[in-house]
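**Student:** Sequence unavailable; structure follows:
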Ligand code: XIL
């Protein structure tokens with residue numbers, strides 16, 4: 001029994017991000033295709049990677065990495081998920097270091113979404129349209145897209161987010177459209193702000209189909225109050241009549257000792273159990289699957305993290321086993 005077989009029995013998608021560079025490793029390809037039924041490019045669809053040059057350049061886009069991952073997914077009978085059109089990070093220098101008027105910037109983003117959404121229409125079943133637009137205190141993050149200079153709608157708060165969703169729906173009417181963010185897994189000022197935005201969008205028929213919760217956790221999440229708050233939070237979003245997905249789960253450790261690995265497994269189990277209890281949760285995705293390829297060491301400068309389901313030699317960890325048991329028991 002594999003994770004994807006067990007998840008499929010429950011009608012659940014179980015995903016991982018995929019790095020195009022790692023697809024040259026036979027073990028990586030074998031395990032990803034065997035264990036997961038959803039794949040999402042780790043970096044290859046981000047603005048600066050897929051659209052590295054300005055539109056006046058004869059060759060503004062580079063689809064090679066994204067195409068390879070979508071192809072890999074479809075060959076392995078996996079759903080392909082897109083990430084992401086609008087984000088403050090990994091935007092091409094040609095956007096952030098040159099001055100654009102709001103009108104020019106709006107055309108840049110409109111045309112970017114048109115090109116990328118159209119290319120993957122029919123292949124990518126869901127897109128993170130906007131990623132990480134809020135600060136922890138619930139205010140909007142200052143970014144090139146929002147107000148620096150922004151696409152001309154900053155005075156209206158979430159209007160630039162709304163516009164991005166409308167463009168995405170226009171250019172690929174059949175893909176599901178998600179807002180995605182971190183640190184809004186529990187009920188807190190940030191998740192409150194996202195909640196209010198989604199509620200407003202639903203009331204006014206702005207096309208939004210779901211919210212992605214990144215779920216980058218640590219061992220301190222292993223307490224009943226945090227887990228209960230996550231449960232109530234996911235449930236309140238589901239009650240807005242949208243789908244809920246876990247999009248980037250990992251559980252970072254200080255060291256890979258036996259006790260830490262057991263606690264890590266318990267956190268994964270608890271999150272899976274919460275999700276299995278909420279029918280609107282349609283996918284759970286981890287941000288990679290082997291500790292050999294994880295973003296944590298690069299991000300936390302030197303710490304290894306040991307945050308994923310398999311170790312650096314592709315051996316399964318207790319977290320893998322607990323998830324499989326949880327899916328089978330459900
Ligand atoms: C990370 C990638 O994993 C890294 O390889 C890259 O250097 C930086 O971005 N939230 C997101 C992801 O939405 O896109 C980020 O991915 C991790 C945090």
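**Tutor:** That came through fine. These numbers come from a predicted model, not from an experiment.
**Student:** what does the stretch 151-300 of the chain have sitting close to the ligand?
**Tutor:** Applying C-beta under 6 Å from any ligand atom, we find that the stretch 151-300 of the chain lies next to the ligand at 182, 214, 248, 295, 298. Any C-beta I mention is one placed from the backbone N, CA and C, and that applies to glycine too.
**Student:** By neighbours, which of those residues wins?
**Tutor:** Neighbour counts for these peak at residue 248, which has 25 neighbours (criterion: other C-beta atoms under 10 Å).
**Student:** Read off the pLDDT value for that residue.
**Tutor:** On pLDDT, residue 248 comes in at 98.
**Student:** How about residue 191?
**Tutor:** For residue 191, pLDDT reads 98.
**Student:** how near is it to residue 22?
**Tutor:** Going from residue 191 to residue 22 by C-beta to C-beta, to the nearest Å gives 32 Å.
**Student:** of those two, who's got more company?
**Tutor:** Ranked by neighbour count (other C-beta under 10 Å), residue 191 and residue 22 place residue 191 first, with 24 against 16.
**Student:** Isn't the more buried one up against residue 185?
**Tutor:** Yes. Taking C-beta atoms under 8 Å as the definition, residue 191 is a contact partner of residue 185 at 7.3 Å.
**Student:** Need the residues touching each of the two.
**Tutor:** Common neighbours of residue 191 and residue 185, using C-beta atoms under 8 Å, 6 or more residues apart in numbering, are residue 233.
**Student:** how about the strands in the stretch 1-150 of the chain?
**Tutor:** With strands called from DSSP state E, counting those that start in this stretch, the stretch 1-150 of the chain shows them at 13-18, 38-41, 79-86, 124-131.
**Student:** Of these, which is nearest the ligand?
**Tutor:** The ligand lies closest to strand 124-131 among the strands of the stretch 1-150 of the chain, at 5.1 Å (C-beta to the nearest ligand atom).
**Student:** Run through the residues that contact residue 124.
**Tutor:** Contact partners of residue 124, counting by C-beta under 8 Å, 6+ apart, are 70, 80-82, 172, 175.
**Student:** re the thing from before, taking the residues of the stretch 151-300 of the chain next to the ligand one by one, which sit in strands?
**Tutor:** Among those, DSSP state E puts residue 248 in strands.
**Student:** What about the residues of the stretch 151-300 of the chain next to the ligand, which are in helices?
**Tutor:** If you go by DSSP state H, these have residue 298 in helices.
**Student:** In CSV: the residues of the stretch 151-300 of the chain next to the ligand, plus distance to residue 221.
**Tutor:** Formatted as CSV, these follow (distance: C-beta to C-beta, whole Å):
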residue, distance to residue 221
182, 13
214, 13
248, 14
295, 18
298, 22
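**Student:** need the contact list for the residue in the stretch 151-300 of the chain that the ligand sits nearest to.
**Tutor:** Closest residue of the stretch 151-300 of the chain to the ligand, C-beta to the nearest ligand atom: residue 295 (3.2 Å). Contacts were defined as C-beta under 8 Å, 6+ apart; by that measure residue 295 touches 42, 287-288.
**Student:** Just the helices from this protein, written as ranges.
**Tutor:** Under DSSP H, the chain gives helices at 3-9, 26-35, 47-50, 64-75, 93-96, 102-120, 159-171, 189-203, 224-238, 258-276, 296-299, 318-329.
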